[in-house]
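Asks: Model the following, please.
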Amino acid sequence: MPLALGRDNVRVAVSSYPAHARSPRQGNTARLRLGAPSLWLVSALVVLGTGLFTLSYLGALARPAPHRLALALVAPTPVVTHIVDALQLGAPGVLDVQSYRSFSQARSALLALRVDGVLVPGPTLDTLYVAEAAGPPIVTALEQVIGSMAAHQHVPLTVNDTVPLPAGDSSGLGLFYLVLACVLGGYVGTIMILSHTGSLSASRRTIQLAFTSMLCGAMVTSVARFGLHSDPLPIPGAPMIAALSVFAVAVCTWALLLGLGRLAAPVAIGVFVLLGSPSSGGAIPRSMLPSFYSSISPWLPNGAAISALRDITFFPAASINHPVLVLASWALVGLVGALILSRRRRRMTEQA
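Replies: Now for the predicted structure:
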């Protein structure tokens, strides 16, 4: 039977030859030709994913700009009005000025992350209080805007860092990479576990993922604190938050694999890597991200984990209720979805 009769005939003709009569090269060539559309589709998806990765990360992190940074101003009302007018004239829309009666109240707001900085103007000297642990780019932006105003008024400005970054993490990126490790551990680790541990009951699989997440949380925080001395992560709070973030990503990946099959990988990468990492507020503080990324950041596991770890480490006066609830919600939804899909698949297998 000739091989040039069309695609269907090619399949029949190739299959009609005995296996021992075909050389390995002939078999591979036929398989390559028949699978060409699938190969090109995979290549197209890889190219598309690369472009989306570039678009997402450069769009979020390439040009950070401050958006209404909260500035506490401790001064009499006439002085507040004068400074607000000067700031709006020099940098419109950059600062959201809030008046405080006392420095202690303003400092408490700074330590609770309700404001990004505190300005105490004086007749001969202006003092700016910042918290570098909230993000060095925020400090830089405040220094530039307020420093420009002070220079225009011929008043020197001194900057006081109330919550400095540790020497082991002077760039402030430690928590970003720690959470990235948790996300990758939850995603890649779940794929490896499911592909190498065989079939387990849903309850045993849940226990396995939970135990692995706890070990991952303890590992990443121990390496960061004791191995690299990058951040003074508190024990046991930080390992518990890290473990919860790993577990949330792990069970969501499990549910996606059960529900979407091959499509689970691009969906998980899109949520946790393409959107979650650049919007997390780690490399660039949330208040300096474009509006789209800053709005989704508090609701994704990456942003919630960084907020919880940052606050419990550097700003104990700040509440971590919201980020912990977000992580717990992702974990609960992912686990419930995985259990439902696992039970449904088991029933279909038994019926078959």
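Asks: Relative to F53, how far out is V47?
Replies: Here V47 is placed at a distance of 11 Å from F53 (Cβ to Cβ, to the nearest Å). In short, each C-beta sits where N, CA and C put it, glycine included.
Asks: Look at the two and report which has more neighbours.
Replies: F53 (16 against 10; other Cβ atoms under 10 Å).
Asks: Identify the residues contacting the more buried one.
Replies: Listed by Cβ atoms under 8 Å, 6 or more residues apart in numbering, the contact set of F53 reads 273-274.
Asks: Secondary structure element holding it?
Replies: For F53, the host element (DSSP states H and E) is helix 36-61.
Asks: packing partners for the helix or strand following that helix?
Replies: Proceeding N to C from helix 36-61, the next assigned helix or strand is strand 69-74, under DSSP H and E. The contact analysis (3 or more Cβ pairs under 8 Å, 6 or more residues apart in numbering; DSSP states H and E) places strand 69-74 against helix 77-90, strand 95-100, helix 103-111, strand 117-120, helix 136-152.
Asks: Mind listing the strands the next helix or strand after the fourth one pairs with, and their directions?
Replies: What that stands for is strand 117-120. Remark: after strand 117-120, the chain's next helix or strand is strand 126-130, criterion DSSP H and E. Counting by DSSP bridges, the strands paired with strand 126-130 are strand 117-120 (antiparallel), strand 157-161 (parallel).
Asks: per-residue confidence at S15?
Replies: On the pLDDT scale, S15 is placed at 39.
Asks: and if you look at the one 4 residues further on?
Replies: According to the per-residue confidence, A19 scores 42 in pLDDT.
Asks: ok, now T29?
Replies: pLDDT recorded at T29 is 42.
Asks: One more: S297?
Replies: 93.
Asks: Next, the buried residues of the longest helix along the chain.
Replies: When the chain is parsed with DSSP state H, its longest helix is helix 321-351. Buried positions in helix 321-351, judged by neighbour count with 16 or more other Cβ atoms under 10 Å: 323-324, 326-327, 330-331, 334-335, 337-339, 341-342.
Asks: just to revisit the earlier point, return the member of the helices and strands packed on strand 69-74 having the minimum mean pLDDT.
Replies: Sorting the helices and strands packed on strand 69-74 by mean pLDDT places helix 77-90 lowest, at a mean of 80.
Asks: Please identify the deepest-packed of the helices and strands packed on strand 69-74.
Replies: Stretch with highest mean neighbour count among those: strand 117-120 (a mean of 25; mean count of other Cβ atoms under 10 Å).
Asks: Report the distance from it to the chain centre.
Replies: Between the centre of strand 117-120 and the centre of its chain there are 30 Å (Cα atoms, centre = their mean, to the nearest Å).
Asks: Name the residues that touch that strand?
Replies: 69-75, 83, 100, 103, 106-107, 109-110, 126-131, 138-139, 142, 146.
Asks: Please apply the same query to stretch 58-68.
Replies: In contact with stretch 58-68 (Cβ under 8 Å, 6+ apart) are residues 93-96, 137-138, 141, 145, 278-279, 283-285, 287-291, 293-294.
Asks: Could you list the buried residues of it?
Replies: Within stretch 58-68, the residues that count as buried by 16+ other Cβ under 10 Å are 60-61, 64, 66-67.
Asks: Whichever of the contacts of stretch 58-68 end up buried, select them in PyMOL.
Replies: Selection of buried members from the contacts of stretch 58-68 for PyMOL, criterion 16+ other Cβ under 10 Å:
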select buried, resi 94+95+137+138+141+145+278+279+283+284+285+287+288+289+290+293+294
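Asks: could I get the helices and strands packed on strand 69-74 as JSON lines with distance to F314?
Replies: Output for those, formatted as JSON lines (distance: least, Cβ to Cβ, whole Å):
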{"stretch": "helix 77-90", "distance to F314": "27"}
{"stretch": "strand 95-100", "distance to F314": "21"}
{"stretch": "helix 103-111", "distance to F314": "9"}
{"stretch": "strand 117-120", "distance to F314": "15"}
{"stretch": "helix 136-152", "distance to F314": "13"}
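Asks: who's in contact with L233?
Replies: Counted by Cβ under 8 Å, 6+ apart, L233 has contacts 221, 224-225, 239, 309, 313.
Asks: May I ask you to confirm that it belongs to a strand?
Replies: No: assignment of L233 by DSSP: H, G, I helix; E, B strand; the rest coil gives coil, placing it outside any strand.
Asks: Tell me the spacing between it and W299.
Replies: 24 Å.
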